[in-house]
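**Student:** let me see the structure of the following:
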Amino acid sequence: MQRQSPAWLETAVFYEIYPQTFYDSNGDGIGDIPGIIQKLDYVVSLGANAIWLNPCWESPFGDAGYDVSDYYKVAPRYGTNDDLRRLFNEAHRRGIHILLDLVPGHTSIECAWFKESCKHERNEFSDWYIWTDSVWTPPLPGLQNVRGFAQRNAAYIVNFFYMQPALNYGFATPDPQYPWQQPVDAPGPQAVRGEIKKIMKFWLDQGADGFRVDMAASLVKNDPDKKATMAFWQEVRAWLDQEYPQAALVSEWSQPSQSIPAGFHMDFYLHFGVKGYTALFRKGTTNPRSGGDPYSFSYFDRSGHGNIRQFLDEYLPFYEKTKDLGFISIPSGNHDIRPRLADGRNVDDLKVAFLFLLTMPGVPYIYYGDEIGMRFVPNLASVEGAFDRTGSRTPMQWSEETNAGFSSAPQEKFYLPVDARPGRPSVAAQEDVPNSLLNTVRQLSGLRKAHPALYASGSFDVIHAEAGDSLFVYQRTGGSETLLIALNPADHPVEAILPAGVIRKPPKILYGQPPALSQEGDGWRLSLPGVAGGVYQVG
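**Tutor:** So this is what the prediction gives:
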């Protein structure tokens, strides 16, 4: 079985923009949509041709915009609906697609729907949220609630924080002990489903190119196998294929074997639900010689104690099940992940990590600032529900000027402080340095788009990947070419004999340092120095 995806995803490289801290155009200390428009040429220069924009809708910002009060209105601090339409137009003029961040599972308590639902009298919105039948109903396993908030004699279920009441998509298996648990085909859940499609249609008609879907697996309750939730997204996908076939969906699900058959074009491979992502980049650094667990090292750790099999043994079954249906997206990071990719790594380490990120199958996502090596800023007070994630959301570092070129506002007005530590990286400092991290990311993005073997659906075969060996070699094939990618994040040299037949013609080096390959009998000896990698055309 195969499913058609928007053609533009084949060569897409996404850039995640956290609007609050990307670029402030009006000097109020908060990034905004006109600021993003001013930086679109930078996005193009990076080699990114798609943007994921974190929530920009009206909100009281108890959770950085993931508590929406009006899905049809841009938050005034970011601009207006006209500004967002202008962003779509300016992006499209540059060949950039824009995905908005859809939050379908819950709203803010300030949303007009919820305020109506709180009332004692029955009304249109009474069943748009999940309410118990008494204010005294205690929380149930997996169903947190808030009691005593409303006029209504009931407690409301929340998805995350207290100010994020769960929208009612129904229960896959309502518990007969609790008559307030409605089935998925009840009028309230059906009305909510219709409203979500209405929101999507509104913004697609304005020029959006699709959506990243927040907590996509969380909608239907008491749905352990997610089949009822999957059925809803399959309905959405069928509608999109009919009405908006070039619109794309990416899920915050991190279970590709569920999300992609459910209709998502892409699913993020993240730090929850699976272990492979953490095994790549963000494990601890316990020294095994001191009695620590050697599996506590990330694969991309120059100690060489990481284990690529901890990623592959989980990833490959997902890939095989979904490669004909959609794409797995491995991000460099995001607004929820701490620390940042650069923490504990130098520029050479980061180059090897980006070599991996930009040559794997699927659709890559770069978190703003990771392309210059921005660091996590520790010990910040929580802002808008960020808590221990706050340090991953600090202002983009554009230059060596005051406030890193982010804003002309006085620092006390900043949404978050700029990293003030010595050695702070910036775009300007790396712009004209040929071997900078920024220009390496640009080179790799260009390579990805220039070679069909590196497109999203190009085939992927592991050639060499062994526990206890830092060398990872894989093959990508597409069109009429075959590329070999080899990487070694460890700080010592490595080598291996590649199987006969892997290299079918004299290798051409597309990226990396020669000589890495030498013929040996029927095979080829591949040698890499420490913290290095390469891309070779071999067929």
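**Student:** and the closest residue to residue 192 other than its chain neighbours, how close does it get to residue 215?
**Tutor:** Nearest non-adjacent residue to residue 192, counting by Cβ to Cβ, 6 or more residues apart in numbering: residue 167, 5.0 Å away. Bear in mind the C-beta positions are built from the backbone N, C-alpha and C, glycine included. Distance, residue 167 to residue 215, using Cβ to Cβ, to the nearest Å: 11 Å.
**Student:** common neighbours of these two, please.
**Tutor:** residue 105 (Cβ atoms under 8 Å, 6 or more residues apart in numbering).
**Student:** phi first, then psi, for residue 408.
**Tutor:** phi -90, psi 0 (degrees, to the nearest 10).
**Student:** how about residue 225?
**Tutor:** Dihedral angles (degrees, to the nearest 10) for residue 225: phi -90, psi 0.
**Student:** and it, how far from residue 277?
**Tutor:** 23 Å.
**Student:** same check on residue 7?
**Tutor:** 28 Å.
**Student:** for residue 92, same thing?
**Tutor:** According to Cβ to Cβ, residue 92 stands 31 Å off from residue 277.
**Student:** what about the two, which has more around it?
**Tutor:** Comparing residue 92 with residue 277 by other Cβ atoms under 10 Å, the one with more neighbours is residue 277, at 21 against 13.
**Student:** ok, back up a step: what's the neighbour count on the residue nearest to residue 192?
**Tutor:** 27.
**Student:** what do you get for residue 515?
**Tutor:** 8.
**Student:** helix or strand for it, which one?
**Tutor:** Assigned by DSSP states H and E, residue 515 falls within no helix or strand.
**Student:** just checking, residue 500 is part of a helix?
**Tutor:** No: counting by DSSP: H, G, I helix; E, B strand; the rest coil, one finds residue 500 to be coil, located in no helix.
**Student:** got a list of what it touches?
**Tutor:** Counting by Cβ under 8 Å, 6+ apart, residue 500 has contacts 522-523.
**Student:** check the one 4 residues further on too.
**Tutor:** If you count contacts by Cβ under 8 Å, 6+ apart, residue 504 has them with 482, 538-539.
**Student:** and residue 441, by the same measure?
**Tutor:** Counting by Cβ under 8 Å, 6+ apart, the residues that residue 441 touches are 46-47, 354, 358, 366, 371.
**Student:** any idea which of those residues has the most stuff around it?
**Tutor:** Busiest of the contacts of residue 441 [other Cβ under 10 Å] is residue 371, holding 28 neighbours.
**Student:** separation between it and residue 299?
**Tutor:** With Cβ to Cβ as the criterion, residue 371 and residue 299 are 21 Å apart.
**Student:** surely residue 137 meets residue 143?
**Tutor:** No: checked against Cβ atoms under 8 Å, the pair residue 137 and residue 143 is beyond contact range at 9.6 Å.
**Student:** which one's more surrounded, those two?
**Tutor:** Neighbour count, other Cβ under 10 Å: between residue 137 and residue 143, residue 143 has more, with 20 against 17.
**Student:** coming back round to it: name whatever forms a beta bridge with the residue nearest to residue 192.
**Tutor:** On the basis of DSSP bridges, residue 167 is bridged to residue 129.
**Student:** on the three-state scheme, the closest residue to residue 404 other than its chain neighbours is what?
**Tutor:** Of all residues not flanking residue 404 in the chain, residue 397 sits nearest, at 4.1 Å (Cβ to Cβ, 6+ apart). What three-state DSSP gives for residue 397 is coil.
**Student:** residue 397: neighbouring residues, count only.
**Tutor:** Count around residue 397 with other Cβ under 10 Å applied: 23.
**Student:** so what's it up against?
**Tutor:** 369, 372, 374, 404-406, 418-419, 424-427.
**Student:** state the distance from it to residue 74.
**Tutor:** Distance, residue 397 to residue 74, by Cβ to Cβ: 26 Å.
**Student:** partners of the helix or strand of the chain with the lowest mean pLDDT, with directions?
**Tutor:** Within the chain, no helix or strand scores below strand 517-520, which has a mean of 86 by mean pLDDT, DSSP states H and E. Using DSSP bridges, the strands paired with strand 517-520 are strand 523-528 (antiparallel).
**Student:** which SS class is the nearest residue to residue 48 once chain neighbours are set aside?
**Tutor:** Closest residue in space to residue 48, ignoring its immediate chain neighbours: residue 15 at 3.9 Å, by Cβ to Cβ, 6+ apart. Here residue 15 is recorded as strand under three-state DSSP.
**Student:** residue 15 against residue 368, yeah?
**Tutor:** Yes: using Cβ under 8 Å, residue 15 is in contact with residue 368, at 6.6 Å.
**Student:** quick one, which of these two is more surrounded?
**Tutor:** residue 368 (29 against 25).
**Student:** so how many other residues sit close to the residue lying closest to residue 367 once chain neighbours are set aside?
**Tutor:** Leaving aside its sequence neighbours, residue 367 sits nearest to residue 333 (Cβ to Cβ, 6+ apart; 4.0 Å). As a burial measure, residue 333 scores 25 neighbours (other Cβ under 10 Å).
**Student:** what's the distance between residue 333 and residue 18?
**Tutor:** 11 Å.
**Student:** give the buried residues for stretch 466-484.
**Tutor:** Buried residues in stretch 466-484, counted by 16 or more other Cβ atoms under 10 Å: 469-478, 481-484.
**Student:** out of the residues you listed, which comes closest to residue 257?
**Tutor:** residue 474 (21.0 Å; Cβ to Cβ).
**Student:** phi, psi of the closest one?
**Tutor:** According to degrees, to the nearest 10, residue 474 has phi -140, psi 160.
**Student:** got a list of what it touches?
**Tutor:** So residue 474 contacts 460-463, 465, 484-485 (Cβ under 8 Å, 6+ apart).
**Student:** how about a cut-off of 6 Å?
**Tutor:** 462-463, 485 (Cβ atoms under 6 Å, 6 or more residues apart in numbering).
**Student:** and those as CSV, adding secondary structure?
**Tutor:** CSV is the format used below for the contacts of residue 474 (three-state DSSP):
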residue, secondary structure
462, strand
463, strand
485, strand
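**Student:** if I look at the residue of the chain most remote from its centre, how far off is residue 497?
**Tutor:** Farthest-out residue of the chain from its mean C-alpha position, per Cα atoms, centre = their mean: residue 521, at 44.2 Å. Taking Cβ to Cβ as the measure, residue 521 falls 8 Å from residue 497.
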